[in-house]
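# pasting the structure only:
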């Protein structure tokens, strides 16, 4: 290689320079400073010219956009200003709009500098125009948006050339469009900014070109100065430094010419590829490299981080051409040893997948408070990412919400893949744990057991279930990992992970992952178990507080349905209460909220209604007492620091009399009842809606309904007609449709209503009560008017005896006559007229004596020397039940005798 003495030398030819040890050094092409300076100057001139052209084009386009924008803004502003000017609406509605608007439009056009200002009516007929002969003609342009109340601008080509026009609506005070205003201007009248910027652009380009020339001169002078005095020794030393760096780096470097010959290989490349001595200068295909490596190096195509096997190493190979920037043709290849990095990357990827499995399982397991569902979620979370099959077995008491007992049978609660006909016991069946098997050892010890070879376990299984053991073999199950489900130190069950398709057994890392996964699932299962127990207790409490059936009575044929919400127990209740005189009370109530508190409150209110009904009070008075009770309960809770008041309870109370066929109804914030007549007509009677219970001081009102025989009275709670997917009006419409059927029994009516209205997942309790009316006929009722004369008692006894004979109740004649004698005598002596006797022949014989006095008799024990005071005592001894109820006109004393 000739020494470089001339600093102004031009291009030098690439050469391979031999070293003393035989290695060749590769020197790339070098270019002289003059050549470099000339190229830099040409490049700078080209860049400056390119920038000038780009700036000129951009300036022209910007000027065109500015002109169009200025024209749109000016025309729109003039049109809007004139459309909103005072008096324009009155002018448009005047007999001659042109006479009023033409002078103003022309004045506005001249002052604003636009080409025209035109006023239009709603039919687009011009009222004004700079050319009077065009007034009264059709406007040329788009007016539909303006008629809709919106402004519009558009570019059109008119008789005066290209222009921009705006159309603006004219509206009155009510917002109605009464006309339109259009203003337009030619784009040629808007100043052209490009012409104003052209001198600046030319001056800037000239300055940039002058700077480029000066810069090229400075670069050329600097290059001459930097290479001045640089001789061959200095240049050689520089190349030696480069060569030392090339052979000391921990990355292999290969340089290959266009013919596929190796020109250079540094020490690291020789070590990684195991190159033979004298490899440089030989074709790559003859160096004995691995086939894949040789193909990549000889192909000539660029490669980026392609991993190739070279013996026992993994090499990351990059290949790039050397002739991109005028260099010599050929390739440069770099090699990195990625064997250890690949191993570390594999371990990191395995850890990442396991962490991802735990994260996904944390989201998928425990989504509900159902024990079986949580067990199935655990089984599904580990397949196929961790195991080929997963079974989850729980102690039978756990499924019922109870604590697991020692030796309790195990039930298959989770299986994945499910429904594939695999070799494992299906979900829901009892699972045996054979002594000596890995699963039995894990369950007994409470520790994890891993088994890499199931031959012994399958042999033990054969003695119990040969068919299933054969299926396990056929499916290739060879390894298992049994992990106990432990929570609070108690073993709830066992999770077993099986491998069939994967040849490897479970290692220590797998055991740690499985234990963490099962520990999280065990907490979720235990929470679900405790919820199941508490929910069962709450449901049992609620069921115990609700009526178990309908009491025996003849006034109504009753059917009912009660469905608790899926969220838990609630406070809905119903009741059927027989009353004296063959009457029956129907009750439906609702306590706001869910849970034990609502259920307990419901029980207290239901008990209170039973107690108050024994007083035989009208519905409005009973609700008043219930309202006062609720308020006092709230006050007691507030005094005790309880933050769960029960205000918000509702109730409907109805009393049906089968003799008069009248039903008295009162409601406290509850939904009105539905009445279905025998012909299928549905009506919601107007029952006054009182306030919810707990607001003491507000009265309740009653409504009297006369129901024919066979009519159905339907009582319900809001959970039946109201849901997330529908409002209460839609629910009442559906209820009306479901009830509108004649000749339906109460049971069939309940079934029809629930089929039509029951939501898929009830969010609230549902109570439904359907009662079909019956009537006591005249043959079952006897009424006697009694004068206020003690002698009339004898006639009453005679008439009653005859009536009892007609009913076939001669056995009850004596006690009945005695009871009525005492009651009628008391009414004559202490009461007021009118006095009436009524006998009812129902499931029992009811004797009633009414009078106009509100004074109630009291039972007492008479002394031996007293002449009176034993009448009510005799009545109480002879009758099964007796009592007093008050009416608007007095009172009724009644007594019931059981039929023989």
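Yep, that arrived. Small disclaimer: the values here were computed from a predicted structure and weren't measured.
# what is the neighbour count of residue 794?
10 (other C-beta atoms under 10 Å). (Glycine included, C-beta is placed from N, CA and C.)
# mind listing the helices for the stretch 701-850 of the chain?
718-721, 728-739, 746-757, 792-807, 813-830 (DSSP state H, counting those that start in this stretch).
# single out the most deeply packed of those helices.
helix 718-721 (a mean of 22; mean count of other C-beta atoms under 10 Å).
# who's in contact with that helix?
For helix 718-721, the external contacting residues (C-beta atoms under 8 Å, 6 or more residues apart in numbering) are 563, 565, 570, 572, 590, 671, 728, 731-732, 734-735, 753, 757-758, 762-768.
# those helices in the stretch 501-650 of the chain, which residues are they?
508-545, 596-613, 619-639.
# meant to ask about the stretch 101-250 of the chain
Using DSSP H, counting those that start in this stretch, helices in the stretch 101-250 of the chain cover 144-147, 193-227, 232-248.
# list the contacts for residue 828?
Residue 828 neighbours (C-beta under 8 Å, 6+ apart): 786, 788-790, 792-793, 835.
# sorry, back to before: out of the helices of the stretch 501-650 of the chain, which is closest to residue 317?
Shortest distance between residue 317 and the helices of the stretch 501-650 of the chain, using C-beta to C-beta, is found for helix 508-545: 32.5 Å.
# top of the contacts of residue 828 by number of neighbours, please.
residue 835 (24 neighbours).
# and the pLDDT at that one?
Among the per-residue scores, residue 835 shows a pLDDT of 91.
# and the contacts of residue 828 as JSON lines, adding distance to residue 425?
Shown next, in JSON lines, are the contacts of residue 828 (distance: C-beta to C-beta, whole Å):
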{"residue": "786", "distance to residue 425": "81"}
{"residue": "788", "distance to residue 425": "87"}
{"residue": "789", "distance to residue 425": "89"}
{"residue": "790", "distance to residue 425": "88"}
{"residue": "792", "distance to residue 425": "85"}
{"residue": "793", "distance to residue 425": "83"}
{"residue": "835", "distance to residue 425": "81"}
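# between these, which is nearest residue 686?
Nearest member of the contacts of residue 828 to residue 686, counting by C-beta to C-beta, is residue 835, at 36.1 Å.
# how about that closest one, nearest residue that isn't a chain neighbour?
Leaving out its chain neighbours, the residue that sits closest to residue 835 by C-beta to C-beta, 6 or more residues apart in numbering is residue 786, at 4.3 Å.
# also residue 844?
residue 896 (4.7 Å).
# measure that neighbour to residue 362 for me?
67 Å (C-beta to C-beta, to the nearest Å).
# can you check residue 185 too?
Taking C-beta to C-beta, one finds residue 185 at 69 Å from residue 362.
# more neighbours: which of these two?
With neighbours defined as other C-beta under 10 Å, residue 185 and residue 362 compare such that residue 185 has more, 24 against 14.
# and that one, what does it touch?
Here residue 185 is in contact with 71, 74-75, 113-115, 163-165 (C-beta under 8 Å, 6+ apart).
# contacting residues for the residue positioned nearest the centre of the chain?
Taking C-alpha atoms, centre = their mean, the centroid of the chain lies closest to residue 724, which sits 12.8 Å from it. Applying C-beta under 8 Å, 6+ apart, we find residue 724 in contact with 759, 763.
# the same query, at a cut-off of 10 Å, please.
759, 761, 763-764 (C-beta atoms under 10 Å, 6 or more residues apart in numbering).
# of those residues, which is the nearest to residue 624?
Of all the contacts of residue 724, residue 624 sits closest to residue 764, with 26.9 Å by C-beta to C-beta.
# what pLDDT does the closest residue to that closest one other than its chain neighbours get?
In this structure, residue 764 finds its nearest non-sequential neighbour in residue 719, 3.4 Å apart by C-beta to C-beta, 6+ apart. Residue 719 is assigned 88 on the pLDDT scale.
# the one 5 residues further on too?
Residue 724 is assigned a predicted lDDT (pLDDT) of 78.
# residue 542 too?
pLDDT, read off for residue 542, is 74.
# quick check: it vs residue 760, distance?
22 Å.
# when the two are compared, which one has more neighbours?
Neighbour totals were compared for residue 542 and residue 760, and residue 542 leads with 24 against 7 (other C-beta under 10 Å).
# now residue 772: how far from residue 534?
The gap separating residue 772 from residue 534 is 39 Å, by C-beta to C-beta.
# residue 324 now?
With distances taken as C-beta to C-beta, residue 324 is found 76 Å from residue 534.
# more neighbours: which of the two?
Taking other C-beta under 10 Å, residue 324 and residue 534 do not tie; residue 534 has more neighbours (15 against 7).
# list the contacts of the more buried one.
Listed by C-beta under 10 Å, 6+ apart, the contact partners of residue 534 are 369, 401, 568, 595-596.
# now with 8 Å, please.
Neighbours of residue 534 in contact, by C-beta under 8 Å, 6+ apart: residue 401.
# let's number from 345 now, not from 1
Sounds good: first residue 345 from here, last item residue 878.
# roughly how far does it sit from residue 884?
Distance from residue 878 to residue 884, by C-beta to C-beta: 11 Å.
# now swap in residue 550 and tell me
100 Å.
# of the contacts of residue 1068, which pair is most distant in space?
Of all the pairs that those form, the one spanning the most space (C-beta to C-beta) is 1105 and 1108, at 10.7 Å.
# which of the two has more neighbours?
The neighbour comparison of residue 1105 against residue 1108 (other C-beta under 10 Å) goes to residue 1108, with 23 against 9.
# pretty sure that one contacts residue 909?
Yes - in this structure residue 1108 lies within contact range of residue 909 using C-beta atoms under 8 Å: 5.2 Å.
# low-confidence stretches in the stretch 445-594 of the chain?
534-543, 545-546, 549, 552, 556, 560-561, 563-580, 582-583, 586, 591-592 (pLDDT under 70).
# can you check the stretch 895-1044 of the chain too?
Where the stretch 895-1044 of the chain drops to pLDDT under 70, the residues are 910-912, 982-991.
# quick one: the strands in the stretch 1095-1244 of the chain, in order.
For the stretch 1095-1244 of the chain, the strands defined by DSSP state E, counting those that start in this stretch cover 1110-1117, 1125-1130, 1179-1185, 1188-1195, 1225-1231, 1234-1242.
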